[in-house]
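A.B. asks: This is the structure alone, sequence omitted:
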């Protein structure tokens, strides 16, 4: 068996075991980080799904509030004369207004008939005033009906915004956790590498100082005797580059 074959047989075993153990440790760190990232991704999906479900339950209230606000703006003339005229016409054609008008007119006509004033000007004036008063009553009633819906829609919008902010904060925490897990995996693998190189160095140092039986004797005889306490300083290899390589980066 040759000289270097003997060294490789005695020293190589512990070094190979160290490398294999380090590789196994780094794979375990990687698998643990993968599991952590998967859990965080599932948590993100759950948070977004819950937010979407909650927003879906709030949507009808928000839409009703938006429609109510639009109706109020139209009645008050905030969206222009055309929109106001259309809103008032719509109220005049509504079943509520028509019912109030019929009932009120019947009462006025019956009263006029009982007093013999069907052809008098008072009746015509009373009918005109009743129509205007009824329209004002219907408009006021419509505004009273729309205001709570607008408030509910505004409240739903605020609540939805709060949910969105809370969801964003929770997602941010998950992102921080993801970054910390990745950083931990990187640092863990780096620590394993450092430990591996340290163990290899100890193995070679032990062999050089005669602590590994035959390998120590062989290395000791080659590099100044066992027990010297340090690995040999191997000479540096200097490569002279040809003049045409002046543009290459320095080594």
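C.D. replies: Sure, I can see it. Predicted, not measured: the structure shown is a model, and the values here were computed from it.

A.B. asks: Over to residue 77: give its phi and psi.
C.D. replies: Main-chain torsions, residue 77, degrees, to the nearest 10: phi 80, psi 10.

A.B. asks: Against residue 93, how distant is it?
C.D. replies: 19 Å (C-beta to C-beta, to the nearest Å). No exception for glycine: its C-beta is placed from N, CA and C like everyone else's.

A.B. asks: Check residue 27 too.
C.D. replies: 77 Å.

A.B. asks: if we can go back for a sec, okay, residue 77 and residue 93: which has more neighbours?
C.D. replies: Using other C-beta atoms under 10 Å as the criterion, residue 77 and residue 93 rank with residue 77 on top: 14 against 9.

A.B. asks: Residue 84 is in contact with the more buried one, correct?
C.D. replies: Yes - between residue 77 and residue 84 there is a contact under C-beta atoms under 8 Å: 4.1 Å.

A.B. asks: For residue 181, pull up the helix or strand it's in.
C.D. replies: helix 121-208 (DSSP states H and E).

A.B. asks: other SSEs contacting that helix?
C.D. replies: Using 3 or more C-beta pairs under 8 Å, 6 or more residues apart in numbering; DSSP states H and E as the contact test, the elements touching helix 121-208 are helix 3-76, helix 81-92, helix 95-115, helix 214-222.

A.B. asks: Quick one: mean pLDDT over that helix.
C.D. replies: Per-residue pLDDT values across helix 121-208 average out to 88.

A.B. asks: Between helix 81-92 and it, find me the angle.
C.D. replies: On the basis of axes from the mean of the first three to the mean of the last three C-alpha atoms, to 10 degrees, helix 121-208 is oriented at 110 degrees to helix 81-92.

A.B. asks: roughly how far is helix 121-208 from the heart of the chain?
C.D. replies: In terms of C-alpha atoms, centre = their mean, to the nearest Å, the centre of helix 121-208 is set 9 Å apart from its chain centre.

A.B. asks: Tell me how many other residues surround residue 44.
C.D. replies: Residue 44: 16 neighbours (other C-beta under 10 Å).

A.B. asks: Quickly note the distance from it to residue 161.
C.D. replies: For residue 44 relative to residue 161 (C-beta to C-beta), the value is 20 Å.

A.B. asks: spatially speaking, which residue is in the middle of the protein?
C.D. replies: residue 171 (4.3 Å; C-alpha atoms, centre = their mean).

A.B. asks: so who does it touch?
C.D. replies: 44, 47, 48 (C-beta atoms under 8 Å, 6 or more residues apart in numbering).

A.B. asks: Point out the most buried one among the helices and strands packed on helix 121-208.
C.D. replies: Among the helices and strands packed on helix 121-208, helix 214-222 has the highest mean neighbour count (mean count of other C-beta atoms under 10 Å), at a mean of 17.
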